[in-house]
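Student: Sequence below, structure please.
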Amino acid sequence: MSDESSQAAGGTYLDRIVPDVLRRLAERRSRVPLAVLQADVNPGSRPSFAAALEAPGISLIAEVKRHSPSKGPIRPNLDVRQVATAYERAGARAISVLTEQDHFRGSLADLLTAAQSTSLPLLRKDFVIDHYQVYEAAAFGASAVLLIARLLDDGQLDRLSGLAFDLGLDVLLEVHDSEELQRALAISGAIVGVNNRDLSTFEVSLQTTVELAALVPSGRVLVGESGIGRHDEVERLAAHGVDAVLVGETLLRSPDLDEAVRALLEPVPLVATRPPRD
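Tutor: Purely as a prediction, here's the structure:
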């Protein structure tokens, strides 16, 4: 196990998830040598995730997710190609693909299918704790990789984000409180994602993003994640300077994805300018 793999994860859900992530990682490593992944990486072959989120008006990162450990099945028979093309058609600017296998029922095959189905930038959303997973993200068509501050120490954040940047990937660095935010801001170039869901308890509050947004400098791209399901909530976040929202469950429970995206976004709110901070 590499140094990026050794971490301390607290909380009921993380205690359940991380051991399975490590087990699956070991299985994949035994099947596919790192050198094979490295040969499949083609930096710059996918569109920029960060640039998509910097476009005028609040951006939607629409999620591909079958299952949630807290909510159970969301869209068990999800067709990745159909969902990805619907998201692009309806106006999403990026797509997040859950690749964790045991608790979210995702896979790297889903990421690859999405890459083959849409021209939108893709985020690999998983519990990334090792450099091998960053290479996987790049090899399977991602434009960005999620790193979770709660799972990684400062050295791991620096090494994994640095590798991602070297491979042409953007980094969405997820935080839940002000202490994690300060650690994220120390990673130059990382997009800040505020998760309204506490990964220890899975309780959700939109106020988390509202409060932390005031601490994020105006030059950083800011994403609100989890618990966002209505247009007025998107408007509220845009008014606090949030550049993008990541939404999955609300969209995926709808039989009409196009209409669900439009109901969430239209009219697309303008993003308020956050004041600069020292």
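Student: Could the C-alpha coordinates of stretch 239-247 be exported in PDB?
Tutor: This file holds the C-alpha atoms of stretch 239-247, laid out as PDB (Å, rounded to 0.1, in the frame of the first residue of the first chain):
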ATOM      1  CA  ALA A 239     -26.500  35.100  -4.800                       C
ATOM      2  CA  HIS A 240     -23.700  34.100  -2.500                       C
ATOM      3  CA  GLY A 241     -21.100  33.700  -5.300                       C
ATOM      4  CA  VAL A 242     -21.300  30.000  -5.900                       C
ATOM      5  CA  ASP A 243     -20.200  29.300  -9.500                       C
ATOM      6  CA  ALA A 244     -21.600  25.900 -10.000                       C
ATOM      7  CA  VAL A 245     -23.900  23.300  -8.300                       C
ATOM      8  CA  LEU A 246     -23.500  19.500  -8.400                       C
ATOM      9  CA  VAL A 247     -26.800  17.800  -8.500                       C
END
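Student: so how far is it from its chain's centroid?
Tutor: Computed by Cα atoms, centre = their mean, to the nearest Å, the chain-centroid distance of stretch 239-247 equals 13 Å.
Student: Longest helix in this structure, by number of residues?
Tutor: Among the segments of the chain that qualify as a helix by DSSP state H, the longest is helix 12-31.
Student: Pull out the buried positions in that one.
Tutor: 13-14, 17-18, 21-22, 24-25, 29 (16 or more other Cβ atoms under 10 Å). Bear in mind the C-beta positions are built from the backbone N, C-alpha and C, glycine included.
Student: what ranges of the stretch 1-150 of the chain fall below the confidence cut-off?
Tutor: Residue ranges of the stretch 1-150 of the chain with pLDDT under 70: 1-12.
Student: again, only using 80
Tutor: 1-14, 70 (pLDDT under 80).
Student: Would you state the strands of it in chain order?
Tutor: 59-64, 67-68, 72-73, 94-98, 122-125, 144-148 (DSSP state E, counting those that start in this stretch).
Student: Which among those is found nearest to Ala214?
Tutor: Taking Cβ to Cβ, strand 59-64 is the member of these nearest to Ala214, at 20.2 Å.
Student: Let me know the helix or strand that the spatially closest residue to Pro269 that is not a sequence neighbour is in.
Tutor: Leaving aside its sequence neighbours, Pro269 sits nearest to Ala238 (Cβ to Cβ, 6 or more residues apart in numbering; 3.8 Å). Assigned by DSSP states H and E, Ala238 belongs to helix 231-239.
Student: Going by neighbour count, list what's buried in that helix.
Tutor: 231, 233-234, 236-238.
Student: any chance of those residues in JSON lines, with distance to Arg105 and pLDDT too?
Tutor: As requested, the buried residues of helix 231-239 are exported to JSON lines (distance: Cβ to Cβ, whole Å; pLDDT from 0 to 100):
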{"residue": "His231", "distance to Arg105": "29", "pLDDT": "97"}
{"residue": "Glu233", "distance to Arg105": "26", "pLDDT": "96"}
{"residue": "Val234", "distance to Arg105": "27", "pLDDT": "97"}
{"residue": "Arg236", "distance to Arg105": "31", "pLDDT": "96"}
{"residue": "Leu237", "distance to Arg105": "28", "pLDDT": "97"}
{"residue": "Ala238", "distance to Arg105": "31", "pLDDT": "97"}
